[in-house]
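[1] Give the three-dimensional model of this entry:
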Amino acid sequence: MYELNICHLYPDLLNLYGDRGNIIALKRRCEWRGINVNVSNISIGDNFDAESYDIIFLGGGQNYEQEILHDDVINQKGNEIRNAINNNKVFLAVCGGYQLLGKYYKTWDGKEIQFLDAVDFWTIGDKKRMIGDFVFECDFLKENGFDGKVVGFENHSGRTYLGPNVKPLGKIIKGYGNNGKDGFEGALYKNVYCTYSHGSLLPKNPAFADHLIALSLKQKYKDFVSLSYLNDEFEELANRTMIKRIIG
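    Residues are numbered from 1 along each chain as shown. Model (predicted):
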């Protein structure tokens with residue numbers, strides 16, 4: 001029987017707009033297939049051994065929460081996070097957690113806050129927030145007849161810009177995405193998936209959840225081939241209805 005170990009980093013601080021729902025979706029979709037799942041909540045002061053986990057999740061938080069955990073994530077867990085990324089561990093990072101993996105965050109009034117520098121992107125703050133439901137298209141999800149469209153909710157004032165070795169997670173169809181200018185959303189580097197999509201991302205987009213599960217199982221088990229079928233009629237109907245409502 002397969003088993004996955006999931007780490008939820010800073011669940012008490014990074015959990016805006018129900019981001020914990022991503023953990024619930026991963027766990028349930030594994031359990032429905034007979035895959036055992038262990039979830040560990042790791043926060044400030046807790047020991048973090050990245051090699052113990054197959055999926056690592058960072059949720060969203062505002063500047064206030066980022067300031068609280070800044071010393072711990074940079075000085076206590078930073079090397080483990082960077083090494084895990086370089087060793088192809090599967091990460092999902094949302095909004096504030098997304099920004100933390102980058103080089104720095106520069107506030108709208110010019111203050112520069114150094115972040116993990118684990119992935120080559122950076123964020124510039126702005127007075128105006130980018131808020132609303134949005135839809136983007138992910139090429140890596142275009143399989144088995146799925147069109148790759150992902151629905152989410154964004155609420156951020158930071159504008160994120162990607163370095164040359166980082167791919168966007170997807171292309172914006174409706175909404176703002178990374179910065180409201182270049183037409184892209186999120187970041188994809190090695191097995192790190194970053195997004196501004198709250199609300200939660202994975203329950204609304206089961207194909208994305210299954211992609212992360214399958215990827216982590218392939219990393220762990222040489223004999224793993226593919227996930228068993230789940231009847232997602234209800235989830236897919238909700239997904240299509242929301243996308244139609246947003247796109248018009």
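[2] you'd agree residue 142 is up against residue 170?
    No. The criterion here is C-beta atoms under 8 Å, and residue 142 misses it with residue 170 at 10.6 Å. For glycine as for every other residue, the C-beta is placed from the backbone atoms N, C-alpha and C.
[3] and for these two, which residues touch both?
    residue 148 (C-beta atoms under 8 Å, 6 or more residues apart in numbering).
[4] which of these two has more neighbours?
    Set residue 142 next to residue 170 and count neighbours by other C-beta atoms under 10 Å: residue 170 wins out with 24 against 13.
[5] What residues are bridge-paired with that one?
    Residue 170 has these beta-bridge partners by DSSP bridges: residue 185.
[6] Tell me the bridge partners for the closest residue to residue 31 other than its chain neighbours.
    Once flanking residues are discounted, residue 31 sits nearest to residue 37: 6.3 Å by C-beta to C-beta, 6 or more residues apart in numbering. Bridge pairing for residue 37 (DSSP bridges) gives the partners residue 4.
[7] Strands of the chain, start to end?
    Taking DSSP state E as the criterion, the chain contains strands spanning 3-9, 36-42, 55-58, 90-94, 104-106, 112-114, 121-124, 130-137, 149-156, 159-162, 170-174, 184-185, 187-189, 192-195.
[8] in the worst-scoring helix or strand of the chain on mean pLDDT, what counts as buried?
    Least confident helix or strand of the chain, by mean pLDDT, DSSP states H and E, is helix 63-71 with a mean of 84. Going by neighbour count (16 or more other C-beta atoms under 10 Å), the buried part of helix 63-71 is 65-66, 69.
[9] can you count the residues close to residue 160?
    Neighbourhood size, residue 160 [other C-beta under 10 Å]: 25.
[10] thinking again about what came up before, outside of the least confident helix or strand of the chain, which residues touch it?
    So helix 63-71 is in contact with 10, 13-14, 43-44, 61, 96, 99-100, 105, 107, 113, going by C-beta under 8 Å, 6+ apart.
[11] same deal with stretch 27-34?
    In contact with stretch 27-34 (C-beta under 8 Å, 6+ apart) are residues 1-2, 4, 6, 36-37, 39, 206, 209-210, 213, 227-228, 230.
[12] list the buried ones in that stretch?
    27, 29-30.
[13] Distance to residue 235 and pLDDT for the residues you listed - can I get that in CSV?
    CSV is the format used below for these (distance: C-beta to C-beta, whole Å; pLDDT from 0 to 100):
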residue, distance to residue 235, pLDDT
27, 15, 98
29, 10, 98
30, 15, 98
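[14] show me what contacts the closest residue to residue 130 other than its chain neighbours?
    Counting by C-beta to C-beta, 6+ apart, residue 176 is the residue found nearest to residue 130 once chain neighbours are left out, at 3.8 Å. Residue 176 is in contact with 130, 132, 134, 154, 196, counting by C-beta under 8 Å, 6+ apart.
[15] May I have the phi/psi pair for residue 176?
    Backbone torsions for residue 176, taken as degrees, to the nearest 10, come to phi -100, psi -50.
[16] Now do it against residue 30, distance only.
    32 Å (C-beta to C-beta, to the nearest Å).
[17] on that earlier part again, would you reformat the strands of the chain as JSON lines and include distance to residue 19?
    As requested, the strands of the chain are exported to JSON lines (distance: least, C-beta to C-beta, whole Å):
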{"stretch": "strand 3-9", "distance to residue 19": "9"}
{"stretch": "strand 36-42", "distance to residue 19": "13"}
{"stretch": "strand 55-58", "distance to residue 19": "8"}
{"stretch": "strand 90-94", "distance to residue 19": "5"}
{"stretch": "strand 104-106", "distance to residue 19": "19"}
{"stretch": "strand 112-114", "distance to residue 19": "21"}
{"stretch": "strand 121-124", "distance to residue 19": "18"}
{"stretch": "strand 130-137", "distance to residue 19": "16"}
{"stretch": "strand 149-156", "distance to residue 19": "11"}
{"stretch": "strand 159-162", "distance to residue 19": "17"}
{"stretch": "strand 170-174", "distance to residue 19": "18"}
{"stretch": "strand 184-185", "distance to residue 19": "16"}
{"stretch": "strand 187-189", "distance to residue 19": "17"}
{"stretch": "strand 192-195", "distance to residue 19": "11"}
